[in-house]
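Enquirer: have a look at this prediction, sequence included:
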Amino acid sequence: MADKFQAVVIGGGPGGYVCAIRLAQLGLKTACIESRGSLGGTCLNIGCIPSKSLLNLSDEFHKVKHLSNKGIEIGDVKLNLSKMMKSKDKAVTVLTKGVEFLLKKNKVTYFKGTGSFKSKNEISIKDNQNKETIIETDKTIIATGSLPVSLPGIEFDEKIIVSSTGALKFEKVPKKMVVVGGGYIGLEMGSVWSRLGAEVHVVEFLDHITPGMDKEISSEFMKILKKQGIIFHMQHKVEKIKKNNSDAIISTTDKDGNKKDFDCDVVLISVGRKPNTNGLNLEKVNISLDNKNRIKVDKNFKTNLDNVFAIGDVIAGPMLAHKAEDEGVAVAENIAGQSGHVNYDTIPGVVYTTPEVASIGKTEEQLKELDIKYKIGKFSFMANSRAKAIDDAEGFVKILADEKTDKVLGAHLIGPHAGELIAEIGVAMEFGASSEDIARTCHAHPTFSEAVKEAALSVDKRAIHS
Ligand code: FAD
Ligand code: NAD
């Protein structure tokens with residue numbers, strides 16, 4: 001007889017494993033199926049965690065190399081790339097094993113294999129020897145994530161033409177790297193290899209980087225990255241990539257029709273990701289997709305089938321680990337009869353470059369488009385004592401508040417620890433706070449967070465330190 005579960009989650013990424021744990025906490029007999037042989041999904045295995053590890057290590061390398069500017073002489077600084085990669089791999093292993101422990105602790109049954117629909121209530125699991133196990137389930141949650149997109153006719157070999165996966169494991173520092181797409185992945189991975197010594201060129205289709213980000217922040221971000229040595233080619237379209245034995249030539253056309261070729265050792269294609277519904281056998285049960293091939297769900301994450309749900313990168317919305325996690329919790333609570341909910345207005349986005357860039361809520365451009373009247377408060381890290389004390393004072397905090405009610409509508413930061421500072425604004429926004437609420441909250445001195453308080457004060461033109 002087939003094993004029977006109350007809930008089966010297909011995919012063990014941040015959406016799937018978090019959902020499975022919450023379902024089990026709520027008393028449901030739960031299974032989680034993962035095909036890659038290791039839990040944690042894209043995020044822990046080939047995404048957030050290895051990239052943040054390399055961002056941190058390359059930043060430390062870069063900083064140590066320049067310490068003599070601050071009066072600390074330490075002689076020759078050398079890179080040992082294979083050791084650095086081992087350090088990154090160790091972080092991944094520790095965390096993925098940690099997730100396996102959490103599933104066990106919460107009594108979630110973990111199946112290693114590829115899950116697919118046999119019927120509405122039966123899931124087939126094929127392991128890497130192609131051995132099939134069939135389990136029965138009342139409810140199924142699809143959390144199969146996303147995959148990198150390439151350019152038409154161009155295939156990743158993960159050596160010369162790479163996706164983020166290849167860019168996380170180069171065996172030597174490329175001399176010249178071309179990054180196609182100036183979004184999250186391109187700028188984070190471009191920063192890593194630039195700090196380790198590569199000449200990095202970013203070829204971007206639009207006239208600005210990180211589309212969707214507040215424009216003022218995005219242009220400051222590009223200025224800072226240029227100063228760090230990254231070379232930008234904006235409004236360039238990649239026409240073709242010719243791969244040779246050990247390098248590639250990229251042919252581009254700019255907005256005026258001028259053609260330009262780039263030769264390079266490696267090319268990172270980071271032009272977005274697509275939902276992953278491969279091998280799920282969705283046709284068998286007639287699950288509907290939207291026009292971007294994402295699984296179509298209602299506000300309770302329910303597909304067109306009553307007992308099948310979907311969350312994370314495989315549905316609409318920002319492709320972020322914390323969004324997937326929150327959806328995982330919400331859908332589990334809904335299935336258990338509670339009122340799970342995700343507030344899409346307060347999902348932060350962070351680019352983990354140096355400095356970090358973080359944003360939450362509406363951008364100025366969105367407020368204009370929505371015809372919402374707003375006030376702006378801004379404060380530069382140049383006037384923040386902690387940032388000055390440690391000579392890390394690039395960037396600023398920008399808070400947008402409703403012109404009449406003063407309610408915080410959005411915040412956009414570029415600067416030291418921006419990814420941590422944004423959490424305070426997230427909590428404030430969840431409580432419907434005004435900029436005055438933030439301004440009247442006592443912030444410790446000397447901290448970077450005082451820049452948030454001063455930006456809030458500046459909404460009503462009463463910043464003290466500028
Ligand atoms: P995934 O993490 O993709 O997990 C889905 C899992 O399902 C995969 O492990 C896959 O093997 C498995 N699977 C697929 N099909 C099947 C099947 N049929 N049967 C069984 N298992 C299956 N987000 C952030 O918030 N912060 C970051 O700093 C960040 N950095 C990133 C850096 C990089 C380089 C990349 C590529 C992404 C990054 N992201 C980041 C995005 C983040 O990784 C994703 O948004 C997140 O992993 C989505 O979670 P998910 O659970 O929906 O899907
Ligand atoms: P992205 O959507 O962030 O950026 C893609 C960029 O490529 C855009 O600037 C776009 O204009 C450009 N582009 C698209 N087609 C192009 C073309 N033909 N030629 C030149 N440029 C082109 O996508 P990504 O960087 O691949 O990352 C995918 C997703 O992964 C992100 O959207 C994000 O959700 C997630 N991610 C998040 C983090 C983080 O949270 N720190 C880090 C990495 C990835």
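Expert: Yep, that arrived. Ligands and ions are numbered 1, 2, ... in the order given.

Enquirer: distance of Arg22 from ligand 2?
Expert: 22 Å (Cβ to the nearest ligand atom, to the nearest Å). C-beta here means a position set from N, CA and C on the backbone, and glycine is covered the same way.

Enquirer: for that residue, phi and psi?
Expert: phi -70, psi -40 (degrees, to the nearest 10).

Enquirer: list the contacts for it?
Expert: By Cβ atoms under 8 Å, 6 or more residues apart in numbering, the contact set of Arg22 is 328-329, 332-333.

Enquirer: between those, which sits nearest Leu367?
Expert: The closest of those to Leu367 turns out to be Val329 (Cβ to Cβ; 29.5 Å).

Enquirer: what does that closest one show for phi and psi?
Expert: Here Val329 shows phi and psi, under degrees, to the nearest 10, equal to phi -70, psi -50.

Enquirer: and for it, the neighbour number?
Expert: Using other Cβ atoms under 10 Å as the criterion, Val329 is surrounded by 20 other residues.

Enquirer: for the one 10 residues further on, same thing?
Expert: Using other Cβ under 10 Å as the criterion, Ser339 is surrounded by 8 other residues.

Enquirer: cool, Gly212 as well?
Expert: 12.

Enquirer: show me the contacts for it.
Expert: Thr363.

Enquirer: get me the contact residues on the stretch 151-300 of the chain for ligand 1.
Expert: With Cβ under 6 Å from any ligand atom as the criterion, the stretch 151-300 of the chain meets ligand 1 at residues 164, 185, 276, 279-280.

Enquirer: where do the helices of the protein begin and end?
Expert: All helices of the chain, identified by DSSP state H, fall at 14-25, 41-46, 48-65, 81-105, 164-167, 184-195, 215-227, 282-285, 321-335, 364-369, 385-389, 418-430, 435-439, 449-459.

Enquirer: and those helices as JSON lines, adding mean pLDDT?
Expert: Converted to JSON lines, the helices of the chain look like this (pLDDT from 0 to 100):
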{"stretch": "helix 14-25", "mean pLDDT": "98"}
{"stretch": "helix 41-46", "mean pLDDT": "98"}
{"stretch": "helix 48-65", "mean pLDDT": "97"}
{"stretch": "helix 81-105", "mean pLDDT": "98"}
{"stretch": "helix 164-167", "mean pLDDT": "98"}
{"stretch": "helix 184-195", "mean pLDDT": "98"}
{"stretch": "helix 215-227", "mean pLDDT": "98"}
{"stretch": "helix 282-285", "mean pLDDT": "96"}
{"stretch": "helix 321-335", "mean pLDDT": "98"}
{"stretch": "helix 364-369", "mean pLDDT": "98"}
{"stretch": "helix 385-389", "mean pLDDT": "98"}
{"stretch": "helix 418-430", "mean pLDDT": "98"}
{"stretch": "helix 435-439", "mean pLDDT": "98"}
{"stretch": "helix 449-459", "mean pLDDT": "98"}
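
Enquirer: for these, which one sits closest to Lys118?
Expert: Of all these, helix 282-285 sits nearest to Lys118, with 7.3 Å by Cβ to Cβ.

Enquirer: check the burial of the closest residue to Lys226 other than its chain neighbours by counting its neighbours.
Expert: Leaving out its chain neighbours, the residue that sits closest to Lys226 by Cβ to Cβ, 6 or more residues apart in numbering is Phe232, at 6.5 Å. Close neighbours of Phe232, defined as other Cβ under 10 Å, add up to 18.

Enquirer: re the thing from before, can you tell me which of the residues of the stretch 151-300 of the chain next to ligand 1 are buried?
Expert: Among these, those scoring as buried are 164, 185, 276, 280 (criterion: 16 or more other Cβ atoms under 10 Å).

Enquirer: Ala310 is in contact with the third one, correct?
Expert: Spelled out, that is Asn276. No - in this structure, Asn276 is not within contact of Ala310 by Cβ atoms under 8 Å, at 11.3 Å.

Enquirer: from the stretch 301-450 of the chain, which residue is nearest to ligand 2?
Expert: Residue of the stretch 301-450 of the chain nearest ligand 2, by Cβ to the nearest ligand atom: Met319 (3.5 Å).

Enquirer: tabulate the helices of the chain (CSV), appending distance to Gly395.
Expert: Formatted as CSV, these follow (distance: least, Cβ to Cβ, whole Å):
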stretch, distance to Gly395
helix 14-25, 28
helix 41-46, 26
helix 48-65, 15
helix 81-105, 26
helix 164-167, 25
helix 184-195, 15
helix 215-227, 7
helix 282-285, 44
helix 321-335, 22
helix 364-369, 17
helix 385-389, 9
helix 418-430, 7
helix 435-439, 18
helix 449-459, 9
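
Enquirer: most neighbours per residue, which of these?
Expert: Highest mean neighbour count among the helices of the chain (mean count of other Cβ atoms under 10 Å): helix 14-25, with a mean of 28.

Enquirer: just the angle for that one relative to helix 81-105, thanks.
Expert: For helix 14-25 against helix 81-105, the angle by axes from the mean of the first three to the mean of the last three Cα atoms, to 10 degrees is 30 degrees.

Enquirer: before we move on, back to that, name all residues that make contact with the residue of the stretch 301-450 of the chain closest to ligand 2.
Expert: 146, 273, 313.

Enquirer: need the residues you listed in TSV with neighbour count, can you?
Expert: Output for these, formatted as TSV (neighbours: other Cβ atoms under 10 Å):
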residue	neighbour count
Ser146	21
Arg273	20
Asp313	30
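
Enquirer: nearest to ligand 1 among the residues you listed?
Expert: Asp313 (3.9 Å).

Enquirer: that closest one reaches Arg273, doesn't it?
Expert: Yes - under the criterion of Cβ under 8 Å, Asp313 makes contact with Arg273 at 6.8 Å.

Enquirer: intersection of neighbour lists for those two?
Expert: By Cβ under 8 Å, 6+ apart, Asp313 and Arg273 have these common neighbours: 146, 319.

Enquirer: quick check, the residue in the chain closest to ligand 2?
Expert: The minimum distance from the chain to ligand 2, using Cβ to the nearest ligand atom, falls at Gly183 (1.8 Å).

Enquirer: what's the local residue count around that residue?
Expert: Neighbour tally, Gly183, other Cβ under 10 Å: 21.

Enquirer: how about the residue in the stretch 351-466 of the chain positioned nearest to ligand 1, nearest residue that isn't a chain neighbour?
Expert: The nearest approach of the stretch 351-466 of the chain to ligand 1 comes at Tyr352, 5.8 Å away (Cβ to the nearest ligand atom). Excluding its sequence neighbours, the residue lying closest to Tyr352 (Cβ to Cβ, 6+ apart) is Leu55, at 5.1 Å.

Enquirer: which residues of the stretch 151-300 of the chain lie near ligand 2?
Expert: 151, 180-186, 188, 203-206, 211, 237-238, 270-273.

Enquirer: done for today, thanks.
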